[in-house]
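Participant: Predicted model, plus sequence, below.
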Amino acid sequence: MSLNVVPVSILYSTTGPYAAVGREAVSGAMAAVAEINSDPAYGFTIAAKIDDPGGRAEAYAGLGQCAIRDYRCRHIIGTLTSWSRKDLLPVVERNGALLWYAFPYEGYEASDSVVYLGPCPNQHLLPLFDYVLPRYGRQPFIVGSNYIWGWEISRIAREITEASGGQVVSDRYVPLGSTEVDHLVTEIQQKKPDFIFSNLVGQSATAFIEAYGAFRKNQPDAPPIVACNLSESDLDGLSPEARCGHVTTSIYFDRLETPENKAFKARMAARQGAGRMISTPFMSAYMAMSILARSIADAGSDAPEAVRSIATSRLFDTPVGPIGIDPRTHHAAFRPHLGLSDEDGGFTLLQSANEVISADPYLVRSLMKRVAAPHPVTLKVVK
Amino acid sequence: MTRRNRPPLAQWRAVILHRDHPSVDALRRQLELLQIRVTVCWPHLDEAQAVADVVFFDADMGHDGQFPWPRGFAPMPMIALIGSEAPGRIEWALDQGSNAHLLKPIGSTGAYSALLIASHAYEQVRAQADNIRVLEDRLRQRPIVVRAILHLLQNEGGGEAAAWKRLRSVAMDWGMTIEDAAEAICRNDKHTRSGA
């Protein structure tokens, strides 16, 4: 093997409408690069080519093309929104490169040129609704960012709600990045839903939680916000009252009491100082870069075909435990958790799935079963 | 095998309703090779463009209200440009009356077959809609047929079979449908009278 330096593109928006999440992702990816580059066992180092598309979907394809053509990157770790992933995908496919995608998304995709390291709806939305529908009620108010993620997650949520005998109270969208959310809070106040299901992204999510927090201050019985994509970075900078009491599902929480997470946090504390909370986007991008590097080491090459073949044929130790990637769908199997946010902006673990759930990106298995004979995924209470 | 009429593509005008995108450039190239005149617009298709012979529309970012006609009533074949194979988006494209689709990213092929399939599907849908309209009219005219039979029974004697025979013969002689003949009999048109 003649690998010395492997160029890898890191393509997250660190400015623009969802910059806070993007910055966490870049930090996570670079934390992994630091570990890889200081470990001689790999036999190569990673040269990170970091680009910032500024949250503009149309900028991803050009930057991706440039990283592949001018910097010889054969792997891209990046994109947060499905909008940007779908704009980048043709470039990746045309050039025979591999995209490592590490965020929750709406499913209905399984490209040979992507490794999906974020959960899809049967791994996030279904467990979340199994938890919230019996506890809070069957009349959600749905709000989301106005693009494919918001539209499709809302549609699936509606199907699940109606299959359970409930009804969606309202279904509202705001442009990606918009912080004009007061009208949503007014409508919630009027319609009195059982809970608010938010698919907002980035600064829209933060603005909404803040506005809802102000309303809830005088309404202690106000229902919670629940989400599939709420992370510690969305709550950062908000008042303690606004931060707390929201339910989210995630493959990772900073407070996961597992040996893998304890070891990961200890390494991160040594790198960037103790006391810093690890967010899900940070961990996800870290995980993506780590799995990529280990696959390159095993393959003895950064050729996408060889790397893909290794990545989909073995388990990888990660902060969320051993992870396997299905060779048919290129999606990872995950053990979803549910968490409740507190005043510190972290999440207290509510429940965890008993076992890892393999991805069903087209919901052909999970939703059909549910609509035909509704029954919840078994979750156990974490003590 | 049925021989189908191929549309005169060289005389066609196409509208691509899509934001600036490499797929739009690729589609334009394919259409211009077929000598189709192409207009690209976004985010709305105005009434002046409604004279196009075919509309390619973005199924990913498209929304209601982009077209100057009611949902599902496009006056030309519609071809969806699909990037996200999400059910919600596909259902929306179907609601617009999509007759065919092209998957994005668009390369150097696909437009020609999509045009022929969409053109055929559109003509078929239109022909079926015409047939349905005719059949619905005939259904609406059922009571008049009953009234005509009763009229013949009362005024011309004979049994029910004779009345039916008379109704059919009026329709055949005057080149009318049974329903139109029945209406004429009820109006007591002189050419429907026996022996006239």
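Facilitator: Yep, it's here. Residues are numbered from 1 along each chain as shown, chains lettered A, B, ... in the order given.
Participant: Contact residues of chain B facing chain A?
Facilitator: B:20-23, B:60-61, B:83-89, B:104-105 (CB under 8 Å from any CB of the partner chain). In short, each C-beta sits where N, CA and C put it, glycine included.
Participant: And those, which of them are buried?
Facilitator: B:21-23, B:60-61, B:83-84, B:86-89, B:104-105 (16 or more other CB atoms under 10 Å in any protein chain shown).
Participant: Dihedrals phi and psi, residue 49?
Facilitator: Looking at chain A here, since you left the chain open. Dihedral pair for A:Lys49: phi -110, psi 100, per degrees, to the nearest 10.
Participant: wait, I meant chain B there
Facilitator: phi -90, psi 0.
Participant: Also the one 4 residues further on?
Facilitator: B:Asp53 has phi and psi values of phi -90, psi -20 when expressed as degrees, to the nearest 10.
Participant: Show me which of the buried ones among the residues of chain B next to chain A is closest to A:Gln139.
Facilitator: Lowest distance from A:Gln139 to these (CB to CB) belongs to B:Gly88, with 20.9 Å.
Participant: Please parse chain B into its domains.
Facilitator: As assigned by automatic domain parsing, chain B contains the domains B:9-134, B:141-192.
Participant: where's the longest one relative to the chain centroid, distance-wise?
Facilitator: Right, domain B:9-134. 15 Å (CA atoms, centre = their mean, to the nearest Å).
Participant: Now do the same for B:Ala10: its pLDDT.
Facilitator: Per-residue pLDDT puts B:Ala10 at 89.
Participant: Tell me the bridge partners for the spatially closest residue to B:Ala114 that is not a sequence neighbour.
Facilitator: Spatial nearest neighbour of B:Ala114, excluding adjacent residues (CB to CB, 6 or more residues apart in numbering or on different chains): B:Ala100 at 4.6 Å. Note on B:Ala100: beta-bridge partners by DSSP bridges are B:Ile79.
Participant: what's B:Ala100 in contact with, if anything?
Facilitator: By CB atoms under 8 Å, 6 or more residues apart in numbering or on different chains, the contact set of B:Ala100 is B:Pro77, B:Ile79, B:Ala80, B:Ala114, B:Leu115, B:Ile117, B:Ala118, B:Ala121.
Participant: A:Asp342 touches A:Glu241, doesn't it?
Facilitator: No. Assessed by CB atoms under 8 Å, A:Asp342 is found out of contact with A:Glu241, at 11.0 Å.
Participant: Between these two, which is the more surrounded one?
Facilitator: More crowded of A:Asp342 and A:Glu241, by other CB atoms under 10 Å in any protein chain shown: A:Asp342, with 16 against 12.
Participant: gap between the more buried one and A:Cys244?
Facilitator: Distance, A:Asp342 to A:Cys244, using CB to CB, to the nearest Å: 5 Å.
Participant: How about A:Gly237?
Facilitator: A:Gly237 is 14 Å from A:Cys244, by CB to CB.
Participant: quick one, which of the two is more surrounded?
Facilitator: Set side by side, A:Gly237 and A:Cys244 give different neighbour counts by other CB under 10 Å, the larger being at A:Cys244 (20 against 12).
Participant: Can you say which of the domains of chain B is packed in most?
Facilitator: Highest mean neighbour count of the domains of chain B: domain B:9-134, a mean of 17 (counted as mean count of other CB atoms under 10 Å in any protein chain shown).
Participant: From one end of stretch A:8-23 to the other, what's the distance?
Facilitator: 17 Å (CA to CA, to the nearest Å).
Participant: and if you look at stretch B:63-79?
Facilitator: 15 Å.
Participant: what's that stretch in contact with?
Facilitator: If you take CB under 8 Å, 6+ apart as the criterion, stretch B:63-79 is touched by B:17, B:43-47, B:50, B:52-57, B:95-102, B:114-115, B:118-119, B:121-122.
Participant: go again using 6 Å as the cut-off
Facilitator: B:44-45, B:47, B:50, B:52-56, B:95-100, B:114, B:118-119, B:122 (CB atoms under 6 Å, 6 or more residues apart in numbering or on different chains).
Participant: show me what contacts A:Ser250?
Facilitator: A:Thr280, A:His337.
Participant: And for A:Met289?
Facilitator: A:Met289 makes contacts with A:Ala29, A:Ala32, A:Ile77, as judged by CB under 6 Å, 6+ apart.
Participant: repeat that for 10 Å
Facilitator: Residues in contact with A:Met289 (CB atoms under 10 Å, 6 or more residues apart in numbering or on different chains) are A:8, A:10, A:28-36, A:46, A:48, A:75, A:77, A:100, A:102.
Participant: do A:Val201 as well
Facilitator: Neighbours of A:Val201 in contact, by CB under 10 Å, 6+ apart: A:17-18, A:21, A:55, A:80-83, A:103, A:144-147, A:149-150, A:174, A:176-177, A:229, A:234.
Participant: could you pick out which of these are near chain B?
Facilitator: Among the contacts of A:Val201, the residues lying close to chain B (CB under 10 Å from any CB of the partner chain) are A:Ser82, A:Trp83, A:Asn146, A:Tyr147, A:Trp149.
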